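Colleague: Dropping the sequence and predicted coords here.
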Amino acid sequence: MAHVQIRNVSKIYADGTPAVTGLDLDIAAGEFLCVLGPSGCGKSSTLRMLAGLEEVSTGQILVDGDDVVGRPARERDIAMVFENYALYPHLDVFANIAMPLVARRRPKAEIRDRVGRIAGTMGITEHLAKRPGKLSGGQRQRVSLARAMIRRPKMFLMDEPLGHLEEYMRIELRREIRALHEAAGGTTFYITHDQEEAAAVSDRIAVMSSGELQQLGTMKELIERPANRFVAEFVGEPPISIFEELRATGTEVSIGDWRLPLPPGSRKARPASAGVRPAHFRIAGSDMPGLSAEARLVQPMGESAAVLCDTPAGDATVIVPMAAVPREGDRFRLVAAPEHVHFFAASGRAIRSGED
Amino acid sequence: MASMDTSTARLAPKAARAPGSLGTGDILRYALASIFVGFCLFPLYMVLSTSLKAEADIFAFPPAWSFRPIWDNFNDALFVFGGTGVMPFLLNSVIVTAASTAAAVGLGAMVAYGLTRFRIRGGSHLFFFILSTRFAPPVAFVVPLYLMVRQTGLMDTHLALILIYTSMNLSLVVWIIRGFFEAIPVEIEEAAEIDGYSRLQIFFKVALPLVKPGLITTAILSAIMSWNEFLIATVMTQNKAATLPVYLGGFSGSMGLEWGPYMAVGAIAVLPIMIFTLVLQKHLVRGLTFGAVR
């Protein structure tokens, strides 16, 4: 278990492509940190730099205060789980799991004992004599997890470990990964582009885009206080409703026919767009102050439904309990508490109270 | 697993015809294949049958399809000729072939691995350059090689042939094994690196076992080439290190051809390499890397 600090790290590939720019991340000892972002956002490059598989262009990576930049992967005391499992096809499952111990020349009896125990935990004992080619995807990833968990390394690195698996297997395994993390007590750096998965496994989530850290926080913080428009739009399902056309008049701002007080932080940066999460909208009568809307499409989602509405400010989505779902064509107003209306400057940065 | 069972069950009904019965298309296919196989094997049949025939049967025309086999030719080839028989030459061939094959495959695998896994300036040109050493016919190199071998005092030694054959086979080995290394997903080696292995350990413990089919293929090709090479061998060796082809070449010398013993030596020359190839072929397991990733 180690305290990992990424200090102003950049990665520029040989062909000049910048993958990561000025990244600062502090991962507490024992923390489960998830990096969430679209493909090409630099999350894999970051993980590979932590692993020592990719060189760091500039910056420092401190593990318990030690700069490990330039140190080969085998000296970093880490374990890694790959998206495509990366098992040794010529070795049986037992030998696959034992590899990290064999490399460290542990006695045979100890290896047998530890492999047996981790295989029991992962539920793959009956497959120990098989080659990986004979296993299903879920079983292979279990083997790969067992190989990572056989030691107590300073850090566990997981590169979209559930990416290739079917939905039900993903849900089952992410619960196990979280449990394993708690049992092992290691520092875990986990990459995914699935926000539901990120929320399920991690303590904190780092959202990355175009090589830069956008926001670091819990899922709740990302939903309730997005740092910028990218985070607001990338995180949350169904996606936030964004209104591009705002009219600011003195101390007020209007979204279509909905008038709101200007946010306190907007004296320096004028709000250029606003967003409201579908779960934060409520349907109110046409006589109430709010955004006039007409239901266009109702998408049931089990106990509630997402209702897509036409408004004078553009499309908006609202989540309504199944019992109160309007019919398509119904007219009403959409309202939200002022703290749930997020304003963004032209640069995309969130405008918050107390920031001017 | 349940899913596996269903998939095999789905494949099974494909054999719609009763086992053992053939359609017209199958018969035609087998007939064509048989003709081709017969065409290829006929020279081998002639060598083997002639080596077992008495002189009168050898020259019978039309050829005698049934005859009483005799072992005199093999006896002559093994023990009588030149007072020593074929044995020393056979031994030379085995030494030269084994050493040059091992060296070519071993060195070639390392070169191919280095060129596929490390970023080397102009690496792809290097591959082309390596293959280009085979563009010129070997006879073009005979004189310079002869001078080098004489200068270094290696005339009529095993080492001379081993060095030359190794260098001749190396390009082919590098070229073929490169493809096998490229097929290994790089993540497998990265996993080994993280598990705590050095580059050299990864090469021996992970990369080499995964390219076993490539090693076997190139070993077979290299061995056949070294075993049968005549031109270089006949120039660089006279008797101490002379190989079987040199010995065979000597038959067409002054005293007219003795076909029986000639073919017996031919048969002796074919058998070891044939056995070697058949044994190794069994280990040519396709798709070893399959299932490692995804």
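Modeller: Received it, and whenever you're ready, just let me know what you need.
Colleague: Can you tell me how far A:Asp24 is from chain B?
Modeller: As judged by CB to the nearest CB, to the nearest Å, A:Asp24 and chain B stand 25 Å apart. The way it works is simple: take the backbone N, C-alpha and C, and place the C-beta from them, glycine included.
Colleague: next one: A:Leu162
Modeller: If you go by CB to the nearest CB, the gap between A:Leu162 and chain B works out to 14 Å.
Colleague: and that residue, helix, strand or coil?
Modeller: The three-state label for A:Leu162, taken from DSSP: H, G, I helix; E, B strand; the rest coil, comes out as coil.
Colleague: who's in contact with it?
Modeller: When contacts are counted by CB atoms under 8 Å, 6 or more residues apart in numbering or on different chains, A:Leu162 is found next to A:Gln141, A:Met169, A:Arg170, A:Leu173, A:Arg174, A:Thr192, A:Asp194, A:Glu197.
Colleague: Over to A:Ile78?
Modeller: A:Leu50, A:Ala51, A:Gly52, A:Pro153, A:Lys154, A:Met155, A:Phe156, A:Leu157, B:Ile194.
Colleague: circling back: just checking, which of the contacts of A:Leu162 belong to helices?
Modeller: Taking DSSP state H, the ones among the contacts of A:Leu162 that sit in helices are A:Gln141, A:Met169, A:Arg170, A:Leu173, A:Arg174, A:Glu197.
Colleague: Now the third one. Nearest residue, chain neighbours left out?
Modeller: Leaving aside its chain neighbours, A:Arg170 sits nearest to A:Leu162 (4.4 Å; criterion: CB to CB, 6 or more residues apart in numbering or on different chains).
Colleague: which intervals of the stretch 1-150 of chain B have sub-threshold pLDDT?
Modeller: Within the stretch 1-150 of chain B, the stretches with pLDDT under 70 are B:1-20, B:81-84.
Colleague: for B:Ala191, phi and psi?
Modeller: Its backbone dihedrals place B:Ala191 at phi -60, psi -40, with angles given as degrees, to the nearest 10.
Colleague: Could you find the closest non-adjacent residue to it?
Modeller: For B:Ala191, ignoring the flanking residues on the chain, the nearest one in space by CB to CB, 6+ apart is A:Ala86 at 4.1 Å.
Colleague: and the stretch 101-250 of chain B, which of its residues are near chain A?
Modeller: Selection of the stretch 101-250 of chain B residues close to chain A by CB under 8 Å from any CB of the partner chain yields B:185, B:187-188, B:190-198, B:201, B:206, B:209-210, B:212.
Colleague: how about 6 Å then?
Modeller: Along the stretch 101-250 of chain B, the residues adjacent to chain A under the rule CB under 6 Å from any CB of the partner chain are B:Glu187, B:Ile188, B:Glu190, B:Ala191, B:Glu193, B:Ile194, B:Asp195, B:Gly196, B:Tyr197, B:Pro209, B:Leu210.
Colleague: Next, format those residues as TSV and append secondary structure, distance to A:Glu339 and neighbour count.
Modeller: Formatted as TSV, the entries for these read as follows, by DSSP: H, G, I helix; E, B strand; the rest coil; distance: CB to CB, whole Å; neighbours: other CB atoms under 10 Å in any protein chain shown:
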residue	secondary structure	distance to A:Glu339	neighbour count
B:Glu187	helix	46	19
B:Ile188	helix	51	24
B:Glu190	helix	46	19
B:Ala191	helix	47	29
B:Glu193	helix	49	23
B:Ile194	helix	45	29
B:Asp195	helix	50	29
B:Gly196	coil	51	23
B:Tyr197	coil	54	22
B:Pro209	helix	61	14
B:Leu210	helix	58	22
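Colleague: Domains of the chain: list them as residue ranges, please.
Modeller: Since you didn't name a chain, this refers to chain A. For chain A, whose domains are defined here by automatic domain parsing, the residue ranges read A:4-229, A:243-351.
Colleague: that's the wrong chain, I wanted chain B
Modeller: For chain B, automatic domain parsing gives the domain ranges B:22-70, B:81-281.
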